[in-house]
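Student: Sequence first, predicted model second:
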Amino acid sequence: MVDDITKILRKESVKDRSKILNILQKIKNKDLSGLDIKKLSGKENEFRVRSGRYRICFENIKNKLRIKWVKRRNNRTY
């Protein structure tokens, strides 16, 4: 998981990388204010954050947030 996120971040521009890292830090700190969050349908504890053309999926289990993936949006993102 971490290797996939690192791989995606390496490919992106400094501006996009900064935006994604900021969102990841907010999720890590459990500060979800100001984020475009939506619960994924069919999933009990999974949510996505939308930021431009990127989607960040995380799960909330027993009040512990865990990043699942970061992807650039396309037809197969979800």
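Tutor: Yep, that arrived.
Student: Geometric centre of this structure: which residue is closest?
Tutor: residue 56 (1.8 Å; C-alpha atoms, centre = their mean).
Student: List the buried residues of the longest helix along the chain.
Tutor: Longest helix of the chain, by residue count under DSSP state H: helix 14-28. If you call a residue buried by 16 or more other C-beta atoms under 10 Å, then helix 14-28 has these buried ones: 16, 20, 23, 24, 26, 27. Bear in mind the C-beta positions are built from the backbone N, C-alpha and C, glycine included.
Student: just to revisit the earlier point, quick check: beta-bridge partners of the residue nearest to the centre of the chain?
Tutor: Judged by DSSP bridges, the bridge partners of residue 56 are residue 49, residue 70.
Student: one step back: looking at the longest helix of the chain now, give me its mean pLDDT.
Tutor: Averaged over helix 14-28, pLDDT sits at 93.
Student: Against which helices or strands is that helix packed?
Tutor: Using 3 or more C-beta pairs under 8 Å, 6 or more residues apart in numbering; DSSP states H and E, the elements in contact with helix 14-28 are helix 2-11, strand 46-51, strand 54-61, strand 64-72.
Student: CA-only coordinates of that helix in CSV, if you can.
Tutor: This file holds the C-alpha atoms of helix 14-28, laid out as CSV (Å, rounded to 0.1, in the frame of the first residue of the first chain):
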residue,chain,number,x,y,z
VAL,A,14,5.0,19.3,-6.9
LYS,A,15,1.6,21.1,-6.7
ASP,A,16,-0.5,17.9,-6.9
ARG,A,17,1.9,16.1,-4.6
SER,A,18,1.6,18.8,-2.0
LYS,A,19,-2.2,18.7,-2.2
ILE,A,20,-2.3,14.9,-1.8
LEU,A,21,0.2,14.9,1.1
ASN,A,22,-1.9,17.6,2.9
ILE,A,23,-5.0,15.5,2.6
LEU,A,24,-3.1,12.4,3.8
GLN,A,25,-1.8,14.4,6.8
LYS,A,26,-5.4,15.6,7.6
ILE,A,27,-6.7,12.0,7.6
LYS,A,28,-3.8,10.9,9.7
